[in-house]
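Enquirer: Return a 3D structure for these sequence lines:
(one chain, ligands or ions: 2)
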Amino acid sequence: MTTKVEKSVEVDVPVRTAYNQWTQFEEFPDFMGGVESVTQRDDRTLHWVAAIAGVRREWDAEILEQVPDEKVAWAATSGATNAGAVHFIPNGPGQTLVTLHLEFEPEGLVEKAGDALNVVERQTEADLANFKSFIESRGAETGAWRGEVRAGSALGTPGVADTVPPGQDVVDVLTADHREVAGLIGEIWTTQDPGERRDLADTAIAELVRHAVAEEMYVYPAMRKHLADGDEAVEHDVEEHQQLEELMKQFEGVEGSDPRFNELLRKLDTVLADHISDEETKHFPQLRAALPESELVELAGKVESAKKLAPTRPHPAAPNHELFHKLVGPGVGMVDRLRDKLTGRTTS
Ligand SMILES: [Fe+2]
Ligand SMILES: [Fe+2]
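Expert: Ligands and ions are numbered 1, 2, ... in the order given. Down below sits the predicted model:
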């Protein structure tokens with residue numbers, strides 16, 4: 001029987017720093033109690049030697065998945081049965097929630113320690129606290145590997161963060177966001193269950209806030225700079241964003257069974273459709289005509305990075321669903337909390 005442990009810690013460094021440090025496997029003994037050594041054999045294979053509660057264990061582990069600034073997952077391929085994953089969720093520009101999930105076979109530990117779960121839980125907590133003081137006192141990582149390992153796929157290219165699909169520019173990225181939010185709203189209309197409707201509404205709101213803030217940070221300044229009537233266009237768009245935000249705030253705490261739910265959804269749907277049409281038929285084509293391809297692609301990366309400063313709301317069954325609740329939480333105030341995460345704004 002395997003036992004599972006999940007612990008989180010908030011560290012006061014940007015997500016990139018926290019993630020980069022975690023790619024330096026051979027330095028794990030510096031902050032992980034009980035880990036005697038980790039030897040990196042190649043990009044995907046590690047050899048671990050650890051002693052927990054006096055039980056010495058040795059095993060080979062394979063990296064199953066590694067996505068820069070998001071996660072690392074591994075599993076033992078020999079020796080003691082165990083697997084783990086660490087997830088990184090940015091909590092604004094200078095803070096990261098690090099969550100460690102461990103799964104292990106308690107044989108051996110049980111005889112020695114009696115309560116293996118308790119021992120591993122305490123050890124995991126201590127390791128995360130050590131990681132926090134290690135990285136916060138340094139303020140910078142000791143090294144980085146920015147390559148990618150995708151589940152069931154070959155190795156990615158080291159040094160390349162793969163957030164924007166190749167060949168896509170900022171207009172592709174923003175248009176895909178529009179389709180996603182419009183799709184979610186369409187799904188709400190066809191869903192009967194009030195709880196599910198509320199979940200879908202929270203997902204749509206979270207996506208829309210991330211999208212709007214990214215546009216305001218990077219796309220609107222580019223429109224002001226490059227479009228003939230840029231200032232006017234941006235003022236119009238910003239006004240519509242404010243209208244959308246106002247509607248989302250009215251909408252965020254309303255139950256799926258409340259009669260106001262449909263009324264607010266209809267309003268949001270109408271204003272959003274109008275705004276999307278303005279952007280897609282006027283402003284985006286103008287932007288594409290005015291900016292060189294290389295800049296449009298660069299903007300796509302900036303928009304994706306800006307969106308990553310706040311978590312997306314995953315499906316309720318997804319493993320990081322709880323993390324979203326910890327960091328943002330649906331309900332009244334969600335729009336403001338998301339905006340704070342995205343802009344690094346602090347509310348008192
Ligand atoms: Fe917009
Ligand atoms: Fe937009």
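Enquirer: When you work out contacts or count neighbours from here on, use the C-alpha atoms and nothing else.
Expert: Fine.
Enquirer: next helix or strand past the lowest-mean-pLDDT helix or strand in the chain?
Expert: Of all helical and strand segments in the chain, the minimum by mean pLDDT, DSSP states H and E falls on helix 109-113, at a mean of 53. Next in sequence after helix 109-113, counting helices and strands by DSSP states H and E, comes helix 116-138.
Enquirer: Packing partners of that following helix?
Expert: strand 3-11, helix 109-113 (3 or more CA pairs under 8 Å, 6 or more residues apart in numbering; DSSP states H and E).
Enquirer: Let me see the mean pLDDT of it.
Expert: Mean pLDDT, computed over helix 116-138, is 85.
Enquirer: which of the residues in it are buried?
Expert: For helix 116-138, burial by neighbour count (16 or more other CA atoms under 10 Å) applies to 116-117, 120-121, 123-125, 127-132, 134-136.
Enquirer: try stretch 4-18
Expert: For stretch 4-18, the buried set under the neighbour-count rule, 16+ other CA under 10 Å, comprises 4-5, 7-8, 10-18.
Enquirer: before we move on, what about stretch 280-300?
Expert: Buried residues in stretch 280-300 (16+ other CA under 10 Å): 283, 284, 286, 287, 290, 296, 297, 299, 300.
Enquirer: quick one, longest strand in the protein?
Expert: strand 55-67 (DSSP state E).
Enquirer: I'd like to know which of the buried residues of stretch 280-300 is nearest to residue 32.
Expert: Using CA to CA, residue 300 comes nearest to residue 32 of the buried residues of stretch 280-300, at 37.8 Å.
Enquirer: Which helix or which strand is home to the closest one?
Expert: Element membership for residue 300, per DSSP H and E: helix 293-307.
Enquirer: Send me that helix as CSV with only the CA atoms.
Expert: Output in CSV follows, covering the C-alpha atoms of helix 293-307 (Å, rounded to 0.1, in the frame of the first residue of the first chain):
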residue,chain,number,x,y,z
GLU,A,293,6.4,39.7,-37.2
SER,A,294,9.2,39.4,-34.7
GLU,A,295,7.6,41.9,-32.3
LEU,A,296,4.2,40.2,-32.6
VAL,A,297,5.9,36.9,-31.6
GLU,A,298,7.8,38.6,-28.7
LEU,A,299,4.5,40.1,-27.5
ALA,A,300,2.9,36.7,-27.5
GLY,A,301,5.6,35.5,-25.1
LYS,A,302,5.1,38.5,-22.8
VAL,A,303,1.3,38.0,-22.7
GLU,A,304,1.7,34.3,-21.8
SER,A,305,4.3,35.2,-19.1
ALA,A,306,2.0,37.9,-17.7
LYS,A,307,-0.9,35.4,-17.5
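Enquirer: Would you pull up how far that helix lies from the middle of the chain?
Expert: Using CA atoms, centre = their mean, to the nearest Å, the mean C-alpha position of helix 293-307 is found 17 Å from that of the whole chain.
Enquirer: List of residues touching it?
Expert: Under the criterion CA atoms under 8 Å, 6 or more residues apart in numbering, residues 163-164, 167-171, 173, 210-211, 213-215, 218-219, 288, 342 lie in contact with helix 293-307.
Enquirer: Just the buried residues from those residues, in PyMOL please.
Expert: In PyMOL, a selection of the buried entries from these looks like this (16+ other CA under 10 Å):
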select buried, resi 164+169+170+171+173+210+211+213+214+215+218+219+342
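Enquirer: show me what contacts residue 211?
Expert: Counted by CA under 8 Å, 6+ apart, residue 211 has contacts 174, 177, 307.
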